[in-house]
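In: Need a 3D model of the sequence below.
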Amino acid sequence: MEISNVMLLVAIVAAYWLWYKRISRWLKGPRVWPVFGSLPGLIEQRDRMHEWITENLRACGGTYQTCICAVPFLAKKQGLVTVTCDPRNLEHMLKTRFDNYPKGPTWQSVFHDLLGQGIFNSDGDIWLFQRKTAALEFTTRTLRQAMGRCVNRGIKLRFCPILESAQAKAEPIDLQDLILRLTFDNICGLAFGKDTKTCAPGLPENSFATAFD
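Out: Model (predicted):
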């Protein structure tokens, strides 16, 4: 190998190392490795992902930024990830400056077949129009009454009996899955007029619910 090539390689490695040391100093949260970023930690903790993220959030005061692709140029474009559980940050993103956080064309193209240009898949003026339309619908007395009846019926006739049955048998139950099933049934009942009955004794599988999830 020629000396010029060796010097070029050394210069590239040195430049990368300086960049890596600089970025790893201001990134908090899990350890960031050269090139692979925090990906090794994600793989290592894959069986306890939520607990691991919670531990990192607690150690960093509720918010941290990490990098899953520690490569110059790629890091800022696709590799940086911000994780937060601070209510002030959530309010800033979801309410105060919602317009600063568009979903963008990548998200919209992925979900277009399912969501089209609806409120969950639009930005800007289209989103604002959808929001005003939805707000008008969701403030009507008829919809509130229908929602109340649907939710109360689901809780009384399905949700509570499932919990009582699990308690009587001393069996563990996935509460998150149960609440998701109850929510899914309520949404389908209100939006489509169909009872999907996923929150029912035995917790039956539903192909539409699985595909939706």
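
In: how close does the residue nearest to residue 39 when sequence neighbours are not counted get to residue 212?
Out: Distances taken as Cβ to Cβ, 6 or more residues apart in numbering put residue 68 closest to residue 39, at 5.2 Å, once the chain neighbours are dropped. Any C-beta I mention is one placed from the backbone N, CA and C, and that applies to glycine too. Distance of residue 68 to residue 212, computed by Cβ to Cβ, to the nearest Å: 27 Å.

In: Of those two, which one has the most company?
Out: When residue 68 is set against residue 212 and neighbours are counted by other Cβ atoms under 10 Å, the residue ahead is residue 68, at 17 against 12.

In: Check the more buried one and give its pLDDT.
Out: Note on residue 68: pLDDT of 82.

In: May I see the buried residues of stretch 183-196?
Out: Across stretch 183-196, burial judged by 16 or more other Cβ atoms under 10 Å covers 184-186, 188-189, 196.

In: Go through the residues you listed and flag which are in strands.
Out: Among the buried residues of stretch 183-196, DSSP state E puts none in strands.

In: Could you list which of those residues belong to helices?
Out: Mapping these onto helices (DSSP state H) picks out 184-186, 188-189.

In: burial measure for residue 58, as a count.
Out: By other Cβ under 10 Å, 10 other residues sit near residue 58.

In: Looks to me like it is in a helix.
Out: Yes - applying DSSP: H, G, I helix; E, B strand; the rest coil, one finds residue 58 inside a helix.

In: Cheers, nothing more for now.
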